[in-house]
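[1] Got a predicted structure here, sequence first:
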Amino acid sequence: MPESALFWFRNDLRTHDQAVLNRLISSCASLHTTYIFNRSTYASTPWGFSRTGAFRHAFLLESLGDLKDALASKGLGLHIRYENAADALLDLCKTYQIKKVYAQELPGWEEQKMEKIVEEVLLKEGIELILHSNHTLIDPLELPFTLPRLPEIFTEFRKKVERESRILEDAGELSTFKGSSKSSGTFKCDFWPEKKVEIDKRTVIRFVGGEQAGLTRLQEYIWKGDHLKNYKETRNGLLGADYSTKLSPWLALGCISPRRIYAEIKRYEQTRISNASTYWLYFELLWRDYFQFVALKHGPHLYRSGGIKQQMQKWMFDSEKFERWRQGQTGQPFIDANMRELLLTGWMSNRGRQNVASYLVHQLKIDWRAGAAWFESQLIDYDPASNYGNWNYLAGIGNDPRENRIFNPIKQAENYDPKGEYVRLWLS
């Protein structure tokens with residue numbers, strides 16, 4: 001390990017389960033950390049709205065504020081930067097005479113391109129970019145197949161991984177750093193006009209960004225509320241705080257580690273109960289992992305018109321129909337209720353997401369990429385691999401073994417909102 005190093009935070013905004021950072025703490029005399037805002041993620045989409053909406057931005061700011069405080073308690077400073085990543089990292093390295101930069105490797109195509117650019121720029125100055133993986137439950141090196149041989153069907157992936165892969169332990173909490181570390185920068189940027197986020201009184205829970213809030217939610221859901229034992233039966237709910245774990249916003253930014261969740265599942269199974277519901281939460285973590293690896297395997301195709309199947313087809317776009325869908329004004333109550341919840345809170349249930357995506361693609365016949373972009377803008381739990389992987393899936397160009405997975409919103413409402421309570425709540 002070097003005497004001086006820079007740790008670049010990306011979607012790992014936490015102090016637990018940070019094995020690489022902990023090793024740097026124990027070996028470096030000078031250690032700096034940074035978070036760099038990516039300007040491109042705030043650009044306008046072809047459909048006329050920002051790639052990052054107000055709810056998502058607010059959750060990120062809260063997460064960074066929590067991270068900065070947590071790092072300070074461990075003797076570490078955090079540099080907040082707004083220029084492109086290569087320039088920001090190079091400037092910090094020159095300022096503090098750093099020759100090694102450590103960062104989390106991410107599976108998104110845009111993120112992968114950024115890593116290559118950064119690596120090339122730093123290398124010209126004799127600085128090494130060292131990437132590590134801590135974004136998934138299963139470490140990529142623990143997979144029982146090479147990436148090109150990743151199964152195209154989730155069930156095949158799951159069965160092989162469950163038989164042959166091991167899950168590395170949560171690396172625990174950070175030690176306190178005794179050396180030199182500085183902070184710089186503020187949370188105000190010129191490409192994001194300040195917008196006050198109004199919290200709708202109907203929101204299921206108040207999602208507060210940051211590691212502390214994420215770990216609190218984990219404890220409250222599993223231990224205090226004892227909800228894990230019924231997870232499989234309730235996970236398709238629409239109303240209330242505890243029909244699902246709602247950990248995905250903190251998982252998306254890495255405020256909470258998937259291995260910490262897995263460790264809590266195993267502890268719950270050992271001390272309370274092991275059943276289909278406890279397995280099902282692990283099962284959902286594997287689904288999340290799968291989409292991360294799919295993104296790595298298929299690269300840019302995940303985001304293109306034909307999806308990972310690379311199907312040649314022409315998608316249509318009707319701006320008026322899309323705007324009614326986006327605003328929750330299609331005239332289909334179940335669809336509109338879900339879309340208004342998303343618009344007013346930055347959140348939507350998994351059941352709702354499947355229905356509104358299916359409706360946009362199969363009923364309205366609109367380009368799936370427009371819907372995926374709106375989800376990217378609005379969802380506080382936006383993750384490139386999961387978002388675009390699921391939209392590929394629902395559009396019939398992804399990892400679904402069925403050719404047409406079409407949801408009937410009327411039947412779905414009868415099954416999951418039989419008394420109409422959810423629809424009345426959001427359309428009132």
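    Ah, there it is.

[2] Which stretches in this structure count as strands?
    Here the chain has its strands, by DSSP state E, at 4-9, 30-36, 78-81, 100-104, 128-132.

[3] Out of those strands, which is closest to Leu228?
    Evaluated over these, closeness to Leu228 peaks at strand 100-104, with 27.8 Å, by Cβ to Cβ. All C-beta atoms are positioned from the backbone trio N, CA, C, and that covers glycine.

[4] partners of that closest one in the sheet?
    Partner strands and pairing direction for strand 100-104 (DSSP bridges) are strand 4-9 (parallel), strand 128-132 (parallel).

[5] Which parts of the shortest one count as buried, going by neighbours?
    Within strand 128-132, the residues that count as buried by 16 or more other Cβ atoms under 10 Å are Leu129, Leu131.

[6] sorry, back to before: figure out which of the strands of the chain is closest to Ser257.
    strand 100-104 (11.3 Å).

[7] same question for that closest one, mean pLDDT?
    Here the mean pLDDT over strand 100-104 is 98, rounded to a whole number.

[8] do stretch 113-120 as well
    97.

[9] Could you report the neighbour count for Glu162?
    Around Glu162 sit 12 other residues, with neighbours defined as other Cβ atoms under 10 Å.

[10] one step back: for Thr186, find the nearest of the strands paired with strand 100-104.
    Each of those has some distance to Thr186 by Cβ to Cβ; the shortest is strand 4-9, at 16.2 Å.

[11] Tell me the spacing between Gly254 and Arg81.
    In this structure, Gly254 lies at 18 Å from Arg81, with Cβ to Cβ, to the nearest Å as the measure.

[12] Enumerate the positions of stretch 18-38 that are buried.
    Along stretch 18-38, these residues count as buried under the neighbour rule (16+ other Cβ under 10 Å): 18, 20-22, 24-25, 28, 30-38.

[13] Please apply the same query to stretch 191-201.
    So, applying 16+ other Cβ under 10 Å, buried residues of stretch 191-201: Trp192.

[14] Report how far apart the opening and closing residues of that stretch are.
    Its first and final residues considered, stretch 191-201 spans 29 Å by Cα to Cα, to the nearest Å.

[15] How about stretch 201-211?
    For stretch 201-211, the first and last residues are 24 Å from each other (Cα to Cα).

[16] any low-confidence regions in the stretch 51-200 of the chain?
    Within the stretch 51-200 of the chain, the stretches falling below the threshold (pLDDT under 70) are 193-195.

[17] Please enumerate the helices of it.
    Under the criterion DSSP state H, counting those that start in this stretch, the stretch 51-200 of the chain carries helices at the ranges 54-73, 85-95, 109-124, 154-164.

[18] the inter-axis angle of the second one versus helix 109-124?
    I take that to be helix 85-95. Between the axis of helix 85-95 and that of helix 109-124 there is an angle of 30 degrees, by axes from the mean of the first three to the mean of the last three Cα atoms, to 10 degrees.

[19] Mind listing what's buried along helix 85-95?
    For helix 85-95, the buried set under the neighbour-count rule, 16+ other Cβ under 10 Å, comprises Ala85, Ala86, Ala88, Leu89, Leu90, Leu92, Cys93.

[20] Now distance to Gly398 too, for the residues you listed, in JSON lines please.
    Shown next, in JSON lines, are the buried residues of helix 85-95 (distance: Cβ to Cβ, whole Å):
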{"residue": "Ala85", "distance to Gly398": "29"}
{"residue": "Ala86", "distance to Gly398": "32"}
{"residue": "Ala88", "distance to Gly398": "34"}
{"residue": "Leu89", "distance to Gly398": "34"}
{"residue": "Leu90", "distance to Gly398": "38"}
{"residue": "Leu92", "distance to Gly398": "39"}
{"residue": "Cys93", "distance to Gly398": "40"}
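
[21] Go through the residues you listed and name the one nearest Asp190.
    Asp190 has its nearest neighbour among those in Ala88, at 14.8 Å by Cβ to Cβ.

[22] Of the helices of the stretch 51-200 of the chain, which is nearest Asp318?
    Comparing the helices of the stretch 51-200 of the chain against Asp318 with Cβ to Cβ, the closest turns out to be helix 54-73 (25.9 Å).

[23] got the contact list for that closest one?
    9, 13-15, 33, 35, 52, 77-78, 80, 183, 187, 192, 195, 197, 207-213, 249-250, 253, 255, 345-347, 377-380, 382 (Cβ atoms under 8 Å, 6 or more residues apart in numbering).

[24] re earlier: point out the least confident member of the buried residues of stretch 18-38, please.
    Lowest confidence among those: Asn38, with 91.

[25] what residues are up against that residue?
    Ala85, Met114.

[26] Tell me the spacing between it and Phe291.
    From Asn38 to Phe291 the distance is 20 Å (Cβ to Cβ).

[27] Point out the other helices and strands that the helix of greatest length in the chain packs with.
    Selection of the longest helix in the chain by residue count, based on DSSP state H, yields helix 276-298. Other helices and strands packing on helix 276-298, by 3 or more Cβ pairs under 8 Å, 6 or more residues apart in numbering; DSSP states H and E, are helix 154-164, helix 231-234, helix 258-271, helix 384-395.
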